[in-house]
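S.K.: Quick one: sequence and predicted model below, then my questions.
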Number of protein chains: 4
Amino acid sequence: MSRTLAFLGLGAMGWPMAAQLARHTTETGGRTLVWNRTREKADAHAREFGSEAVELSAVTAADVIFSCLPTSTEVDDVMLALDGKLREGAVWIDCTSGQPEAARRQAAGLAQRGVAFLDAPVSGGPMGAEAGTLAVMVGGDAAVLEGVRGDLAFAGKVVHVGATGAGFAVKAINNTLMAVNMWAAGEGLAALARTGVDLHAALEVINAGSGRSYPTETLIPQRVLTREFPLTFQLGLLAKDAGIAAGVVQDARASAPVLMQVASLYRAAAHTVGAGADYSAALRLVEQMNGVEIK
Amino acid sequence: MSRTLAFLGLGAMGWPMAAQLARHTTETGGRTLVWNRTREKADAHAREFGSEAVELSAVTAADVIFSCLPTSTEVDDVMLALDGKLREGAVWIDCTSGQPEAARRQAAGLAQRGVAFLDAPVSGGPMGAEAGTLAVMVGGDAAVLEGVRGDLAFAGKVVHVGATGAGFAVKAINNTLMAVNMWAAGEGLAALARTGVDLHAALEVINAGSGRSYPTETLIPQRVLTREFPLTFQLGLLAKDAGIAAGVVQDARASAPVLMQVASLYRAAAHTVGAGADYSAALRLVEQMNGVEIK
Amino acid sequence: MSRTLAFLGLGAMGWPMAAQLARHTTETGGRTLVWNRTREKADAHAREFGSEAVELSAVTAADVIFSCLPTSTEVDDVMLALDGKLREGAVWIDCTSGQPEAARRQAAGLAQRGVAFLDAPVSGGPMGAEAGTLAVMVGGDAAVLEGVRGDLAFAGKVVHVGATGAGFAVKAINNTLMAVNMWAAGEGLAALARTGVDLHAALEVINAGSGRSYPTETLIPQRVLTREFPLTFQLGLLAKDAGIAAGVVQDARASAPVLMQVASLYRAAAHTVGAGADYSAALRLVEQMNGVEIK
Amino acid sequence: MSRTLAFLGLGAMGWPMAAQLARHTTETGGRTLVWNRTREKADAHAREFGSEAVELSAVTAADVIFSCLPTSTEVDDVMLALDGKLREGAVWIDCTSGQPEAARRQAAGLAQRGVAFLDAPVSGGPMGAEAGTLAVMVGGDAAVLEGVRGDLAFAGKVVHVGATGAGFAVKAINNTLMAVNMWAAGEGLAALARTGVDLHAALEVINAGSGRSYPTETLIPQRVLTREFPLTFQLGLLAKDAGIAAGVVQDARASAPVLMQVASLYRAAAHTVGAGADYSAALRLVEQMNGVEIK
């Protein structure tokens, strides 16, 4: 059965994700419509992957609408522009790292129009998207997820984590754990640097030991010790994610003193280092706080 | 050239480490002397691995003395008992998770007697010791390390990280990073549990994503979600290690608000949950603080 | 000119505040209507102070409606019940320790009906209310405030702090500073207790020195050292206030690692000690975390 | 009975404290010897207050030796220089904001020479010293304190808080509570500033309310809002005091996540703002972390 998919937002993640959809619909006789705020990017995507660049109003033809935008605010904007125009029975899958309360509000709004909503943020980075191996954490109705599972061509792993908003909550917590692990490693390395320890040697044993985490294994050796801090994911967006996690904690009346502190430290890093820097540059604030470089 | 090694302290780590030494000296025509506070354990070790159980005073015959004791205080005690009796030219290798300032003091004291000192704590747990694959982080004179490298039969990886005390400093930071990563994951999971998210599903995506760390990959699934908290390493010792890391931070005039906060939270866990519980039981305090179980 | 005032919510604060209004309108020839969820309390207030106990629908006669309820949620409920029934030109003054975003939403809703809104939380406790010396922090239109200044009979000090929501924001920050100061003092005293210091002596010098704050001067000597923890303000409400402050921080994209940590610690105290305990009992969690009593 | 007092260290605090001693001994027929690392200052003190400027070796004539130096390290230095030369039966009163473990070591060393030791740090600032109203917190033998109580001419209040080291511990905790209260107030004001609240108005209600503390009542209005940050007490010394408090917490196996966090934040402020700035300038780091000024 041929399907029409639409993808809104061709950023660092959206571009390769939509490419996976286009390959998939090409194979299965369907269509992939792509829209981007700047039209040129959509045209380029169409040329490269065989998707169809369209105006926003044309995505109403889709069976499934994917969105992958900076924040829930941009998702609100496109939903407003499409309000009342989507097909009844369509499914909106938001892959943005969004806010759980926005998901609940958006799902309720779409439900009134007969459109289902899944919050389905992804993990794995641009390389995972290109490889089609992203992990997708899905909140919403499990039956709706089953109906679209075959469309998630960019996914290596799809996990249903709970009701509407649960996907966003898990994504925010995941990113904040990464943020905590990176910051703590930065603190530890800065202290060791001040005592004259060789940081490459220290990281080697940490990564052979129990202190290891994703940031000690990849981010810090590749981005910080090299002093390159190459921009792939903006610090301001990670600060936003940590803020979403703080909101999850607050709304759940949970107690998370470490996550809450770290959310504020990343906000400080965004103010001091710059929200547009790579997220690994948060450790530049750790360096300033310690009067030392992590290298 | 046949060597005489001595090993002081046959605890959970020391027992298999000394076994590796005994196998090694058996093959190379040397001897491994073992001493333990309770003699029975040393006798049993000798029977099982061909080491020689001895009184403390007999370890003065050794070329290399290894110690692996609960804290630097116990190392001070045995050093005092052996003061002035060790061979000139001997090397003392302390594998305890000790304090950097104790290392500097002990090294200075031994140097006056012509004995070299290396702080050489290990990472990898009892299983790594049994497999002979421990990571060893060594502080002290690099030339001294070269002279004994062949004796480190329990090691899979030996890394020279800096001057005397640097090994202890790196070990304390490593363990504290693990402690931070575990605590933060506990906070995040507790918050998610309060919102109704399935924690097994959440951990599955976190471990496929950037939030992963040693505790999310092994400790929490195996010890916490199962509600087993099996005792392999005491919470009180981890709280001690985090305290050593806090001391490293302070002595270096470093700034590490997250490590310092977490050091105090583990001390709180030791007071509330019990210093004798398994270290994974620290998350029981997180559970109490959140009125929820992580399961 | 005689005025009709209404007061909604006769709790520990509302009761004496409404009493001040009743005295004032008695002197000036006006009326004070009082409403409470349980009618008996309103009847008792009328008997004691000459106010008039009314059904909720009757407060529509008022020129000024005061509310003083547990949270913004209860304020939403009474506003909904009165929607469209209030006099055009009336002013709603909410003395609840509410949420800034609720204030903005409520003000916008009332404005559509021609009713002005001021968020005007108070500080000074039941004793300040009885003495008519409360400090009132007001957010909203300064001209509206001038029009009702004469009605604020319970106030010793009225300060206009900013636009709608600013009053609630300042109140939340004020209460959270008190929460931080109390918690930190508890930590310091617990550490000193563990070293054998006499805590009465320590507090004496702290209160003669720079470490002093409202909690060290009054709360801790009167409520904690005495082991009485008398209930005057619920811990759960202080945890809510600290949560509002955390929301202020997040919404402002501010960085406040200490306030955020402490908000989570009070939430933990509410879970472990009980939300219904006196707020000073938060230090019972500090005591548990330290294995010592502050006495 | 005439007494010979000696005072070592004529800094911002020592200068007026020694002046009080000189007035006192002038009245009672005794002598006050003063020593300073730079002799000129001692000569000036002698000219102004009738004290006697002396070489360090001459203080051995004193019945009571007061020291008031930057840290315990400088006290160690002068004690070493005077070792074995002090009168038996003399009392050394160290008014430095020192380390408890240094006090215990120093007391033990002096005791072997027949000299008693009291740790007796002071609170109240240069103005309190000039007025003779300092609060003195004393650790050590109560009987020794009684013997010198009449010599403490700079004191308005003398409180015996515990055994040797307890005075230093209480002082460190006192200063760290001040540091916490100031930092938290800075965070709260920065968040309010970002929402457009008038900070003078906010402080007015906080100081009329429960959020008040010494920093909100004096330091912030006088030093921060004015943008003056006049140097009276170095930020680096406050960071040192907070570090001593962190050491007290660690040595006592206490749990103080807020004090530990704040100790690291002040260390960060010393690195970023400069250890030589006034301690109120710590809030400049809060400002940077928030991208806003507190004014």
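M.R.: Yes, it's here.

S.K.: What are the boundaries of the helices in the stretch 51-200 of chain A?
M.R.: Assigned helices in the stretch 51-200 of chain A, in chain order: A:72-81, A:100-111, A:125-131, A:142-148, A:166-194, A:199-207 (criterion: DSSP state H, counting those that start in this stretch).

S.K.: Identify each buried residue in the first one, please.
M.R.: For helix A:72-81, the neighbour count (16 or more other Cβ atoms under 10 Å in any protein chain shown) marks A:72, A:74, A:75, A:76, A:78, A:79 as buried. C-betas here are computed from N, CA, C, even on glycine.

S.K.: Next one: the third one from residue A:106, what distance?
M.R.: Taking Cβ to Cβ, to the nearest Å as the criterion, residue A:75 is separated from residue A:106 by 7 Å.

S.K.: The fifth one now?
M.R.: Shown here: residue A:78 relative to residue A:106, a distance of 11 Å by Cβ to Cβ.

S.K.: Please name the residues that touch the residue nearest the centre of chain A.
M.R.: Relative to the mean C-alpha position of chain A, the nearest C-alpha, by Cα atoms, centre = their mean, is the one of residue A:97, at 4.5 Å. By Cβ atoms under 8 Å, 6 or more residues apart in numbering or on different chains, residue A:97 lies in contact with A:71, A:121, A:168, A:171, A:172, A:175, A:237, A:240, A:241, A:244.

S.K.: of all the residues in chain A, which ones are close to chain C?
M.R.: Applying Cβ under 8 Å from any Cβ of the partner chain, we find that chain A lies next to chain C at A:243, A:246-247, A:249-250, A:253-257, A:259-261, A:263-265, A:267-268, A:270-271.

S.K.: which among the buried residues of helix A:72-81 gets closest to chain D?
M.R.: Comparing these against chain D with Cβ to the nearest Cβ picks out residue A:72 as the nearest, at 21.2 Å.

S.K.: Looking at that closest one now. What's its pLDDT?
M.R.: In this prediction, residue A:72 carries a pLDDT score of 96.

S.K.: doesn't residue A:100 make contact with it?
M.R.: No. Counting by Cβ atoms under 8 Å, residue A:72 does not reach residue A:100; the two are 9.4 Å apart.

S.K.: hang on, residue A:33 in a helix?
M.R.: No. Per DSSP: H, G, I helix; E, B strand; the rest coil, residue A:33 lies outside any helix segment and is strand.

S.K.: That one and chain D: what is the separation?
M.R.: 40 Å (Cβ to the nearest Cβ, to the nearest Å).

S.K.: Find the nearest non-adjacent residue to that residue, please.
M.R.: Excluding its sequence neighbours, the residue lying closest to residue A:33 (Cβ to Cβ, 6 or more residues apart in numbering or on different chains) is residue A:6, at 4.2 Å.

S.K.: Next: residue A:182.
M.R.: By the measure of Cβ to Cβ, 6+ apart, the closest residue to residue A:182 outside its immediate chain neighbours is residue A:215, 3.7 Å from it.

S.K.: Would you mind giving the domain segments of chain A?
M.R.: A:4-163, A:169-290 (automatic domain parsing).

S.K.: Could you tell me the model confidence score at the residue of the stretch 1-150 of chain A found nearest chain B?
M.R.: With distances taken as Cβ to the nearest Cβ, the stretch 1-150 of chain A approaches chain B most closely at residue A:123, which sits 3.3 Å away. For residue A:123, the model assigns a pLDDT of 92.

S.K.: Run through the bridge partners of it.
M.R.: According to DSSP bridges, the partner residues bridging residue A:123 are residue A:135.

S.K.: Now residue A:10. Nearest residue, chain neighbours left out?
M.R.: In space, residue A:10 comes closest to residue A:36 once its chain neighbours are excluded; the distance is 4.3 Å by Cβ to Cβ, 6+ apart.

S.K.: measure that neighbour to chain D for me?
M.R.: For residue A:36 relative to chain D (Cβ to the nearest Cβ), the value is 31 Å.

S.K.: Next one: that residue relative to residue A:57, how far apart?
M.R.: With the distance defined as Cβ to Cβ, residue A:36 ends up 14 Å from residue A:57.

S.K.: Neighbour count: these two, which is higher?
M.R.: For residue A:36 and residue A:57, the more surrounded residue by other Cβ atoms under 10 Å in any protein chain shown is residue A:36, and the numbers stand at 21 against 11.

S.K.: Next, give phi and psi for the more buried one.
M.R.: The phi/psi pair for residue A:36 (degrees, to the nearest 10) reads phi -140, psi 150.
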